[in-house]
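Trainee: Got a predicted structure here, sequence first:
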Amino acid sequence: MKFNRSVDQHIAVFGESGSGKTVLVSSFYGATQEPDFLSSSLFDVTADDTGQGHRLHKNYLGMRDSARRPDTTRFSSTPYAFTVKLRDTGAKVSKQESFDALRLVWHDYPGEWFEQDVSGPEEAERRIATFRSLLSSDVALLLVDGQRMLDNAGEEERYLRSLLASYRTGLLKLKGDLLEGGKPLVKFPRIWIIALSKADLLPEGDVFAFRDLIIEKASDDLTALRDVLAGFVQSPEALSAGEDFVMLSSAKFEPNRIQVAERIGVDLILPLAAMLPFERHIKWVDRMHMPAKVAAELLDGLGPLAVALLGRTGKFGRVISLLAPLGFKGDELNAAMRTAVKATSDQLRSMNADALAKRDYQSATLSRFRLDLEAGEEKRVLLRSKR
Ligand SMILES: Nc1nc2c(ncn2[C@@H]2O[C@H](COP(=O)(O)OP(=O)(O)O)[C@@H](O)[C@H]2O)c(=O)[nH]1
Ligand SMILES: [Mg+2]
């Protein structure tokens, strides 16, 4: 088996207009262009489309230097594609061993489409095409607008219930067009994270408080949304909708200043997109009965990630080096995935240190991503489903 040269991870960001989507992607990308990031990180992030990258960077600089907010982008729905490339491949990598780069494809759904009816058949077509590409993601973020939570303090249910209902009805309306012949989809985001945007406006609360508020005020609506999502997929037991929570703030917005360095959770987006499907899909395939086609789709691309994570230097390294010239077979990939997914925090830490010392930057980057998620949980910015 030959590995893909690049592993693609798609993330779909759903949010009403004004909920912070454009600022989020600008802050994510802009931060990766800062000298601090360039000097400390093992990898570069570049926008596949240079013009798009410049626009995002310009948005970021406008905020950083002139407290200027990005223009509102109505009805634009081009996905952003970023390539995450190791700056130094370090110790020599055999061609078959793993991948060159991770690609992060970020689908930003124009919120207005949830709120308004389409203006004509052309827009209707475009809306369906956009949705199809969004729903080919592995992970979806559903934004809950922190500003609206603040505006409705004490009666958040007014906002939350209508927000969840609009996601639900928006999806239901398009269901007929999205499912060909009514057949449930195999490829569909199976991890729907609820994200509080503009979390800087609610400095008192942590991710537990956020989760509790959602459950207390809108659990019926969340269940209804989950049922709708389950209606889209084959093997709906392999679905976590509304079981993971994250706090996000793209910057600290002050009247005359936008502090872009004061971010919350933005640096978790890449680790979430890269490692959450990895951790969860492998577990699901092991624990649940599902058609082979679904299992294959869930594990697609995860073998190379596992091999890269285990690295060429740790205790698995020797086996991997011996097998690499022969090409990997299913069983070995399976073993690698099971081993990698079970790694404990201590093992991840030692894998990371080992990999850094031996200049295996792929393994170092991927183990760091998983450690970042753990650190996010410790800081109460992230809450992962325990299932
Ligand atoms: N306090 C705070 N305000 C934000 C944040 N992100 C966005 N905003 C505000 O929300 C407005 C709308 O954000 P935008 O990203 O354009 O929303 P979009 O329509 O979802 O793309 C911005 O102009 C900011 O004023 C954030 O992280 N914190
Ligand atoms: Mg926008």
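Mentor: In hand now; what should we look at? Predicted model, so just to flag it, every value in this text is computed and none were measured. Ligands and ions are numbered 1, 2, ... in the order given.

Trainee: any idea where the strands of this structure begin and end?
Mentor: 6-14, 43-47, 80-86, 101-108, 139-145, 191-197, 240-247, 252-254, 257-259, 382-383 (DSSP state E).

Trainee: tell me the most buried of the ones you listed?
Mentor: Ranked by mean neighbour count, these are led by strand 191-197 with a mean of 26 (mean count of other CB atoms under 10 Å). In this view, the C-beta of every residue, glycine as well, is placed from N, C-alpha and C.

Trainee: Now do the helices in the stretch 151-300 of the chain.
Mentor: 157-178, 207-230, 269-287, 292-299 (DSSP state H, counting those that start in this stretch).

Trainee: how about the strands of the chain in TSV, adding distance to Phe278?
Mentor: TSV is the format used below for these (distance: least, CB to CB, whole Å):
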stretch	distance to Phe278
strand 6-14	9
strand 43-47	17
strand 80-86	15
strand 101-108	11
strand 139-145	11
strand 191-197	11
strand 240-247	14
strand 252-254	32
strand 257-259	33
strand 382-383	16
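
Trainee: Minimum distance to ligand 1: which of the ones you listed has it?
Mentor: strand 252-254 (3.7 Å; CB to the nearest ligand atom).

Trainee: which other residues reach the closest one?
Mentor: The contact list for strand 252-254 (CB atoms under 8 Å, 6 or more residues apart in numbering) reads Ala67, Lys198, Asp200, Ile258, Gln259, Glu262.

Trainee: The same query, at a cut-off of 10 Å, please.
Mentor: By CB atoms under 10 Å, 6 or more residues apart in numbering, the residues outside strand 252-254 that reach it are 23, 63, 67, 69, 147, 198, 200-201, 203, 258-264.

Trainee: Now for the nearest residue to Ser385 once chain neighbours are set aside: which residues touch it?
Mentor: Nearest non-adjacent residue to Ser385, counting by CB to CB, 6 or more residues apart in numbering: Glu243, 3.6 Å away. Shown in contact with Glu243 (CB under 10 Å, 6+ apart): 191-194, 211, 222, 226, 280, 383-387.

Trainee: Most widely separated two among those?
Mentor: Leu222 and Arg280 (18.7 Å; CB to CB).

Trainee: what's around the residue in the stretch 1-150 of the chain that ligand 2 sits nearest to, how many residues?
Mentor: Residue nearest to ligand 2 within the stretch 1-150 of the chain: Thr22 (3.3 Å; CB to the ion). Residue neighbour count, defined by other CB atoms under 10 Å, stands at 24 for Thr22.

Trainee: Looking at the helices of the stretch 151-300 of the chain, spot the one closest to Ser137.
Mentor: Closest to Ser137 of the helices of the stretch 151-300 of the chain is helix 269-287 (CB to CB; 8.6 Å).

Trainee: and that closest one, anywhere near ligand 1?
Mentor: No: applying CB under 6 Å from any ligand atom, one finds helix 269-287 separated from ligand 1 by no less than 13.0 Å.

Trainee: what number of residues lie near the nearest residue to Ile258 once chain neighbours are set aside?
Mentor: Distances taken as CB to CB, 6+ apart place Met63 nearest to Ile258, at 4.3 Å, with adjacent residues excluded. Neighbour count for Met63, taken as other CB under 10 Å: 23.

Trainee: ok, Met63 - contacts?
Mentor: By CB under 10 Å, 6+ apart, the contact set of Met63 is 23, 26-27, 30, 69-70, 250-251, 253, 257-260.

Trainee: Phe43 now?
Mentor: Applying CB under 10 Å, 6+ apart, the residues contacting Phe43 are 32, 37, 83-88, 101-102, 270, 361-362, 364-365, 368.
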